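J.: A structural model of the following input is requested.
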Amino acid sequence: MSEGAKLIGVGATRIALAGAIVEIGNVFSSLIHSVACDLSLPKQLFGYAILGFAFTEAIALFALMMAFFIFICFL
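T.: Residues are numbered from 1 along each chain as shown. The predicted structure follows:
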């Protein structure tokens, strides 16, 4: 595999990492907005926010793993 194609593949996985970073910000922004609207549910909403953060972080870690896989394994 050529060096250019390998770098394009690694660069494409950075798009997934950037999307995950934006989505984590969106999750906690929505948490703050929801708690501000209804002060009686912060513990329940925090649990949902942590669950959303965990799923988003799993996607980011998968994209990072694919970047390392493409960069290292395809010599």
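
J.: all helices of the protein, in order?
T.: If DSSP state H is used as the criterion, the helices of the chain fall at 3-37, 42-73.

J.: Export these to a markdown table and append columns for mean pLDDT.
T.: Listed next are the helices of the chain as a markdown table, based on pLDDT from 0 to 100:
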| stretch | mean pLDDT |
| --- | --- |
| helix 3-37 | 90 |
| helix 42-73 | 90 |
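
J.: Kindly reformat those helices as JSON lines containing mean neighbour count.
T.: Any C-beta I mention is one placed from the backbone N, CA and C, and that applies to glycine too. Below are the helices of the chain laid out as JSON lines (neighbours: other CB atoms under 10 Å):
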{"stretch": "helix 3-37", "mean neighbour count": "13"}
{"stretch": "helix 42-73", "mean neighbour count": "14"}
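
J.: Spatially central residue for the protein, please.
T.: Ala20 (2.5 Å; CA atoms, centre = their mean).

J.: and the residue lying closest to that one once chain neighbours are set aside, what does it touch?
T.: Excluding its sequence neighbours, the residue lying closest to Ala20 (CB to CB, 6 or more residues apart in numbering) is Ala60, at 3.5 Å. Going by CB atoms under 8 Å, 6 or more residues apart in numbering, Ala60 touches Ala16, Leu17, Ala20, Ile21, Ile24.

J.: Was I right to think the last one contacts Phe55?
T.: No: here Ile24 does not reach Phe55: they are 10.2 Å apart, not a contact under CB atoms under 8 Å.

J.: Can you pull the residues that touch both of those two?
T.: Going by CB under 8 Å, 6+ apart, no residue sits against Ile24 while also sitting against Phe55.
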